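return atomic coordinates for the entry below.
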Amino acid sequence: MDVHAALGELRERIRATGVPLERVRLVAVTKSFGPAAVRAALDEGITDLGENYVDELGETRRACEGWTPTPRWHYLGALQTNKIARVLEHADVISSLSRAREIDRLVRLNATQEVDVQVDFTGRPERGGASPEEVPDLVARALDGGLRVRGLMTVAPPERTAAQRAFGSLAGLASRLGLSELSMGMSDDLELALAEGSTEIRVGRALFGPRAPRVGAALT
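Residues are numbered from 1 along each chain as shown. I've put the predicted structure just below:
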């Protein structure tokens, strides 16, 4: 993997949108790539790293213990209430809150991590995330419970027009709720997200190349 060259290309894509590089946080999604990808990212100055599965997050974080610069780990996957305590052991940021019971569990465990509410604009349950209509109540519930609500996150629909509409809707929703962080945009749609005000993009393939299928996962 030539992360240095890939990062250069990513930066050129960001510059082409007219958005200053310093305004965009890059989260390197290391799922299935392992510690070698973490080391390559850290060597390029990328310290925000993301994982989708709590087991892989724990394994990778343990393998990188003591490395410098110190990574900040984002948990990006679906939250299962029976695994939230384990997520809290390893994650510094939790970007996928979408249900009241997840918030209540975090409050009971005295979570101090920054959290995002994940919003779904597809209406497909398998995509994860709360509907836009549910978000204000979820944000209020989290704030009332003392959680550190950072902002909103979404995974956009694959179609370009639908993605652009989703990003614009997320930005408007965050503005109405007084939230400044917008985690939206990935390898294929980061330009659309940045045009709508994204403050954080999450990229894996664009940095590390194609990932191997997860063991036990269906091939698609």
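
quick check: which element contains the spatially closest residue to Ala111 that is not a sequence neighbour?
Once flanking residues are discounted, Ala111 sits nearest to Leu88: 5.7 Å by CB to CB, 6 or more residues apart in numbering. Backbone N, C-alpha and C define where each C-beta goes, glycine included. In this assignment (DSSP states H and E), Leu88 forms part of helix 84-90.

which SSE is immediately downstream of that helix?
Next element after helix 84-90 (DSSP H and E): strand 93-97.

contacting residues around that next one?
48, 50, 72-79, 87, 103, 106, 111, 113-118, 128-129, 138, 142, 150, 153, 183 (CB atoms under 8 Å, 6 or more residues apart in numbering).

nearest the geometric middle of this structure, what residue?
Nearest to the mean C-alpha position of the chain, counting by CA atoms, centre = their mean, stands Leu76 at 4.8 Å.

which of the residues in stretch 38-48 are buried?
By 16 or more other CB atoms under 10 Å, the buried positions in stretch 38-48 come out as 38, 40-42, 44, 46-48.

for those, work out which two are farthest apart.
Spatially, the most separated pair among the buried residues of stretch 38-48 is Ala40 and Asp48, at 14.3 Å (CB to CB).

on that earlier part again, strands - which of the buried residues of stretch 38-48 land there?
Asp48 (DSSP state E).

going by distance to Arg61, which of the buried residues of stretch 38-48 wins?
Taking CB to CB as the measure, Arg61 sits nearest to Val38 out of those, at 8.9 Å.

any idea how far Val3 is from that closest one?
Separation of Val38 from Val3 (CB to CB, to the nearest Å) stands at 10 Å.
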